[in-house]
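Undergrad: Have a look; sequence and predicted model below, questions after that.
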Amino acid sequence: MDFLRFLAQHRSAGCDIFFQGITYLAQEIFVIAVICWFYWCRSKKLAYCLGLSYFSSGFLVQGLKITFRIPRPWILEVSFQAVPSALPDATGYSFPSGHTQSITALFGTGILYCHRKLYKFFCGAIIALVMFSRMYLGCHTPKDVLVSFIISLICVLLNYYFIYRSNCSTRKEFRLTLIMIIACIFLTSYAVILNNSGIIDVSYARDCIKASGAGLAFSLGYYIEAKHINFRLPVSTGKALIRFISGLLVALFIQVGLKPVIGQSLIASFVRYFIVVLWIVLIYPAIFNHFSSHSE
């Protein structure tokens, strides 16, 4: 809190806008869009590695959030004020940082994947800026971002060297899918039990449920696609852009359109995120693979 108070003393309108913009890079819409681009258009294996890093680290961070239940800085210290524009996205508990987890999973993989030092530096700088932005905006303490960074980096290293750099056979994919399913069931059950016991509020449980629904769809969808569909990547940039923009627009439509239809209960949140990610990983690839095969 001493460090956050020090940063708060040196805030300015320009810095508020800059770091609020930086922190948007760790929002789920941006991370999912990047994974979609690689999955649909460039490298399915890299997208799988990115997705596994994102969801596995997300399970751990969400589990730790509802286990330790550490409040946000402005709740810990009533006199402390965060930057107002950052409050709407600061849901859930403070420890560990979800934004740090997202950006580390994405750009941490980028550091390992990119060969040029300039690109590696760029990825590392983005991670550092997002971590600092979460503290500057007053949403997290240094402990929140550092622990999340370490957890996410471990997941990135494991997934990159044991999945991306090695030959990922169907048997290995099945085992990983099974592990992810077990993790989803555990996190969902854990969140529901804590919520039903009155230990955590439904809004805190919802974040875990969303992560479980999305992670389950990713693991199941990828395995089914790899085994039964195995779509081909587009050969031209124009076709890649059309595929990317069309698929992402439909995903956003499902994400936004389902909420008023099915509600925001825990079950509804699970179903909504499950459908969105299943569209990304399985349904949409099956559709464009079907039409591309018929057009030949």
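TA: Structure's in. What do you need? Please read these numbers as outputs of a predicted model, since none were measured by experiment.
Undergrad: I'd say Phe3 and Thr141 touch.
TA: Yes - the pair Phe3 / Thr141 is scored as a contact, 7.4 Å apart, by C-beta atoms under 8 Å. Placement of C-beta: from N, CA and C, glycine included.
Undergrad: Between the two, tell me which one has more neighbours.
TA: Thr141 (22 against 11; other C-beta atoms under 10 Å).
Undergrad: shared neighbours, Phe3 and Thr141?
TA: Here Phe3 and Thr141 have Met135 as joint contacts, going by C-beta atoms under 8 Å, 6 or more residues apart in numbering.
Undergrad: average pLDDT for the host helix or strand of Val145?
TA: Element membership for Val145 (DSSP states H and E) is helix 142-159. Averaged over helix 142-159, pLDDT sits at 96.
Undergrad: got it, and stretch 98-112?
TA: 95.
Undergrad: Equivalent analysis for stretch 70-85, please.
TA: 92.
Undergrad: mind checking how far it is from the chain centre?
TA: In this view, stretch 70-85 has its centroid 24 Å away from the chain centroid, taken as C-alpha atoms, centre = their mean, to the nearest Å.
Undergrad: And it, what's buried?
TA: Ile70, Arg72, Pro73, Trp74, Ala82, Val83 (16 or more other C-beta atoms under 10 Å).
Undergrad: now the strands for the stretch 51-200 of the chain?
TA: Along the stretch 51-200 of the chain, counting by DSSP state E, counting those that start in this stretch, no stretch forms strands.
Undergrad: tell me the helices in it, going along the chain?
TA: Here the stretch 51-200 of the chain has its helices, by DSSP state H, counting those that start in this stretch, at 73-76, 98-113, 117-136, 142-159, 170-196.
Undergrad: looking at the ones you listed, which is closest to Gln255?
TA: Closest of the helices of the stretch 51-200 of the chain to Gln255 is helix 98-113, at 16.4 Å (criterion: C-beta to C-beta).
Undergrad: And the closest one, what does it pack against?
TA: helix 28-37, helix 44-68, helix 117-136, helix 142-159 (3 or more C-beta pairs under 8 Å, 6 or more residues apart in numbering; DSSP states H and E).
Undergrad: now the angle between helix 44-68 and that helix, please.
TA: 150 degrees (axes from the mean of the first three to the mean of the last three C-alpha atoms, to 10 degrees).
Undergrad: tell me the angle of helix 98-113 relative to helix 28-37?
TA: Using the same axes, to 10 degrees: helix 98-113 against helix 28-37 is 30 degrees.
Undergrad: Buried ones in helix 98-113, by neighbour count?
TA: 98-113.
Undergrad: how much space between Phe80 and Arg134?
TA: The gap separating Phe80 from Arg134 is 14 Å, by C-beta to C-beta, to the nearest Å.
Undergrad: Would you mind listing the buried residues in the helix or strand containing Ala251?
TA: For Ala251, the enclosing helix or strand under DSSP H and E is helix 237-262. By neighbour count with 16+ other C-beta under 10 Å, helix 237-262 contains the buried residues Ala240, Arg243, Phe244, Gly247, Leu248, Val250, Ala251, Ile254, Gln255, Leu258.
Undergrad: I'd like those laid out as JSON lines, including pLDDT and distance to Ile200.
TA: As requested, the buried residues of helix 237-262 are exported to JSON lines (pLDDT from 0 to 100; distance: C-beta to C-beta, whole Å):
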{"residue": "Ala240", "pLDDT": "93", "distance to Ile200": "42"}
{"residue": "Arg243", "pLDDT": "94", "distance to Ile200": "40"}
{"residue": "Phe244", "pLDDT": "96", "distance to Ile200": "37"}
{"residue": "Gly247", "pLDDT": "95", "distance to Ile200": "35"}
{"residue": "Leu248", "pLDDT": "95", "distance to Ile200": "32"}
{"residue": "Val250", "pLDDT": "95", "distance to Ile200": "33"}
{"residue": "Ala251", "pLDDT": "95", "distance to Ile200": "29"}
{"residue": "Ile254", "pLDDT": "94", "distance to Ile200": "28"}
{"residue": "Gln255", "pLDDT": "92", "distance to Ile200": "24"}
{"residue": "Leu258", "pLDDT": "92", "distance to Ile200": "24"}
